Structures are given as C-alpha cells and as structure tokens.
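Q: Predicted model follows, preceded by the sequence.
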Amino acid sequence: MIERLDNKSLSISGKLYSLWQESYLVEAEILKAVKFPPLQRKCQGFIDSNSEFYGAIENDEIISAIEIVGLEEGRHIQSLVVHPNHFKKGLASKLIKYALIKYEFESVFTVETGLDNIPAISLYLKHGFVEQTQFDTDHGVRKIRLILTRIKN
C-alpha cells in the first residue's frame, strides 16, 4: 500500500536518506557517475524539502518512494527510488500510477533521468511519457527529460 510520507519527521527522513543511498548507488554505477548529486543529499535535505513524498513501507522500512514537486506547468517527479532488494516487483510502476491518479487534474508531468538508465527510461515510456530533450549536467551525466501531457476535457 502506498501512503504519504512525512518527510519532516526525523525518523521518516532518516529512512528516506537510507533508501536514497541504496537505490541511487545502483543508478550511479549504471551511469558511471562520480559525485552523483542524489547521493550527496543529507537527511536534513529531506526535512527541509517542500516536495511531497509517497511510498511503500514493509516491516517498518520504506522500500520504495516517489518525490513529487509542484511546478507552475504541472508536476515533476523529482525522484523515484526502489530499494535494490525489491527491484523487479512492480513497485516503481505502482508509484507512477499512484502519482498520475493523485494528480489527475494536472495536465503535465515531467521527469529526468540519466540517458544510460535504460530501465528507468523504459518504465516512463511504458506509462506514456515521451522524450522532450537531452542535456549534459555539470557532474558529467547526460540526462533525458521526459514529459507526459494529458488533455483536459
């Protein structure tokens, strides 16, 4: 079951921090990234964030989470993480579906990931996102920005 995560809570922010470390370590390896920004995020960064966090909890641990940022033009998936012990269980798809339903009145969703992160790109394409642009970061990773535009009736 997916639920809202209170990132202002020290306990929850600590669990988010741990999940980010485990999950983004795998992505950093895929992207061959050094000084990967998601791995530099501290526990206080979760507490100070104005993002909305949703996730799945199992045995009092957060096993997957999605971070959503509100933008003028819609919503941005800032992060989508799954603990490596829970890869290939459909958790990322469930989080995306949850976000798309929760924000059903938003006409635009965006997300960015490393261009070499084929599993993530495939996941977003499966959910209707399309490539918007590619760009280079200051930390040496080529990224892709994907967009999902929904027509409002």
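A: Right, received. Where do you want to start? Numbering: from 1, shown residues only.

Q: mind listing what A56 touches?
A: M1, I2, E3, I62, I63, S64, A65, L91, K94, L95 (Cβ atoms under 8 Å, 6 or more residues apart in numbering). No exception for glycine: its C-beta is placed from N, CA and C like everyone else's.

Q: Take the residues you listed and lay them out in CSV including neighbour count.
A: As requested, these are exported to CSV (neighbours: other Cβ atoms under 10 Å):
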residue, neighbour count
M1, 8
I2, 18
E3, 12
I62, 22
I63, 20
S64, 24
A65, 27
L91, 22
K94, 16
L95, 23
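
Q: Mind picking the lowest-pLDDT entry from those residues?
A: pLDDT across those is lowest for M1, at 90.

Q: who does the closest residue to that one other than its chain neighbours bridge with?
A: Nearest residue to M1, sequence neighbours excluded (Cβ to Cβ, 6 or more residues apart in numbering): A56, at 6.8 Å. As for beta bridges, A56 partners with I2, S64 under DSSP bridges.

Q: quick one: the least confident helix or strand in the chain by mean pLDDT to chain centroid distance?
A: When each helix and strand of the chain is scored by mean pLDDT, DSSP states H and E, helix 37-40 comes last, with a mean of 93. Chain-centre distance of helix 37-40: 13 Å, with Cα atoms, centre = their mean, to the nearest Å.

Q: So which elements touch it?
A: Helix 37-40 is packed against helix 10-31, with contacts defined by 3 or more Cβ pairs under 8 Å, 6 or more residues apart in numbering; DSSP states H and E.

Q: ok, and what's touching the helix it packs on?
A: By Cβ under 8 Å, 6+ apart, helix 10-31 touches 5-7, 33, 36, 38-39, 41-44, 46-47, 53, 55, 61-65, 79, 81-84, 114, 116-117, 120, 141.

Q: go on, stretch 87-106?
A: By Cβ under 8 Å, 6+ apart, stretch 87-106 touches 2, 54-56, 63-66, 68, 74-75, 77, 80, 82, 109, 123-124, 126-127, 148, 150, 152.

Q: Quick one, grab the pLDDT at S9.
A: 97.

Q: What distance do you get for F135 to R145?
A: Distance of F135 to R145, computed by Cβ to Cβ, to the nearest Å: 7 Å.
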